[in-house]
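# Build me a model:
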Amino acid sequence: MKKIMTLIAAAFVATSVYAGEFPDISIADLKKAIADKKVVIVDVMGSASYKKGHVPTAIDFATAKKDFAKSLPADKNALIVAYCGGPTCSAYKAAATAAEKLGYKNIKHMSAGISGWLAAKEVTEPGK
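This next block holds a predicted model:
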């Protein structure tokens with residue numbers, strides 16, 4: 001019985017360690033998802049940065065987070081992609097975790113961030 005309990009406890013700890021980790025999505029794959037209209041993109045850079053320029057179709061998490069569920073589709077398997085400044089930025093986790101808590105299952109992180117998007121010479125759109 002002790003061995004079973006130890007195994008269950010170890011499995012729980014392992015699951016907890018990986019909870020909150022979100023797989024990366026490449027710029028190319030994100031562009032395809034945008035073209036196919038199969039993604040909700042969440043910009044976590046803050047409203048001032050969002051207004052200067054963001055990945056096309058992205059929503060501003062700073063303004064959407066008060067009622068984030070209304071900004072997301074009903075389909076809990078829909079692709080949700082969060083991004084922030086770049087590979088060393090972890091601010092994206094706020095939006096990704098919020099989506100996860102709402103029950104979304106297909107959440108990814110564009111680790112290149114807005115800096116990678118711009119470095120790849122991709123187009124941004126200004127916020128309102």
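
# show me where the chain has strands.
40-43, 59-60, 79-83, 106-109 (DSSP state E).

# and among those strands, the most buried is which?
strand 79-83 (a mean of 26; mean count of other C-beta atoms under 10 Å). For the C-beta atoms, the positions are set from N, CA and C on the backbone; glycine is no exception.

# Other residues contacting it?
22, 25, 30, 33, 38-45, 55, 58, 61, 72, 92-93, 95-96, 99, 104, 106-114, 117 (C-beta atoms under 8 Å, 6 or more residues apart in numbering).

# do that again at 7 Å, thanks
Contacts to strand 79-83, defined as C-beta atoms under 7 Å, 6 or more residues apart in numbering, come from residues 25, 30, 33, 38-44, 55, 72, 92, 95-96, 99, 104, 106-110, 113-114.

# ditto for stretch 45-54
Under C-beta under 7 Å, 6+ apart, the answer for stretch 45-54 is 43, 60, 62-63, 84-85, 114, 124-127.

# of all those, which comes closest to A78?
D43 (17.1 Å; C-beta to C-beta).

# I'd say the closest one and F61 touch.
Yes - between D43 and F61 there is a contact under C-beta atoms under 7 Å: 6.2 Å.

# one step back: in TSV: the strands of the chain, plus distance to D67.
Formatted as TSV, the strands of the chain follow (distance: least, C-beta to C-beta, whole Å):
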stretch	distance to D67
strand 40-43	14
strand 59-60	12
strand 79-83	16
strand 106-109	18
